[in-house]
Structure formats: structure tokens, C-alpha cells
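Enquirer: How does the following fold in three dimensions:
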Amino acid sequence: MRRLGHRHSRRPDGRPDRISTGVRQLRICGAAYLAYLGATALWHSRRPAGPEPAEQTTTPAGRSSAFRTGMGTNVLNPKAGVFYMSLVPQFVPSGAPMISTTLFFTAIDVIELAAWYWILSHAASALGTRIQRPVFRCRLEQLTGVAFLGFAAVLLTYRP
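Expert: Numbers count the residues shown, from 1 in each chain. Alright, predicted model coming up:
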């Protein structure tokens, strides 16, 4: 009788390969959790949509507050510093001044990011009222549930 594992779950010396068995068990647990999330999302999308959300009564934070929050997030995020210290210097041509060229490349990246976030924030603002509609939320919940169920099926049928 076979235990949990697949045809390659034995080491060359004949003993069971606990890593393969553990990975398979982890994959089954992950698939079960994804299936649970998908089924829950589909179940919640069946409920009748509630009333429209009330208008916001609080005033949004000012631009300086948003800037301080974003700056604090980036300063305290080690990934941003690691990115600029490890990736950017690779593109500095030989013989070029390291500091000024790296600062130039960083400025280009900052300009690109500012343009991207400007476009993203305006798109989110334009879609904000549509996203808050109950019909949209219901459809999004259904789409998410089907996607999670699909991920669970792929995870269960995956064979390395």
C-alpha cells in the first residue's frame, strides 16, 4: 500500500524521501486552503448586495501628510536601498563617475515611478465610484472565488 507521496518519493538507497512527501502534503494543504477561500468567496457573493456605502464624512489627509507617510515607508523599507545599491551600479559605464551616474539613474527611476503612480492614482480615482458599487463587488468576489478554485485544482494536479 502506498503512503502519501508519489512515484519519486524514495531515495536511491530505498528509504522514503521525507522531503518529497512533506512537499506533497504541503501542496495538498495549500490546495485545500485555496479551495476553502474560493468556496467562501463564491458563497459570500450569493448574498444579496447591501445598500450603497455612505459617503465619507471624514476629510482626506493633506498632501504633506501623504508625502510624509510615503517617505517614511520608503526610508524604512530596506528593499529600496538594496535595490539601488545592488542593481543600479551594474549599469554605470566603466570610466564614468560612479556617484553622479548612479544619482542620474536614480533620478530617472524616481521620475518614472512618479509618472506611474500619478497615472495609477488618477485611474483609481476615476474608478473609485464604480468599485464601490455592490454589483461590482459581487462580480469581483465571484471572479476571485473561481480563480482560487482554479489555483487549487492546478496545485492538486501538478506533477513535478
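Enquirer: For the chain, which segments count as helices?
Expert: 18-45, 63-75, 78-86, 98-131, 134-157 (DSSP state H).
Enquirer: Could you give me the buried positions within the first one?
Expert: So the one you mean is helix 18-45. Within helix 18-45, the residues that qualify as buried are 20-21, 24, 31, 34-35, 37-38, 41-42, 45, counting by 16 or more other C-beta atoms under 10 Å. C-beta: built from backbone N, CA, C; applies to glycine.
Enquirer: orientation of it relative to helix 134-157 in degrees?
Expert: Relative orientation of helix 18-45 versus helix 134-157 (axes from the mean of the first three to the mean of the last three C-alpha atoms, to 10 degrees): 160 degrees.
Enquirer: again with the second one
Expert: Direction vectors for helix 63-75 and helix 134-157, defined by the same axes, to 10 degrees, enclose an angle of 10 degrees.
Enquirer: Among the helices of the chain, which comes closest to Val92?
Expert: helix 98-131 (4.6 Å; C-beta to C-beta).
Enquirer: how many degrees apart are the closest one and helix 78-86 in direction?
Expert: Going by the same axes, to 10 degrees, helix 98-131 makes 140 degrees with helix 78-86.
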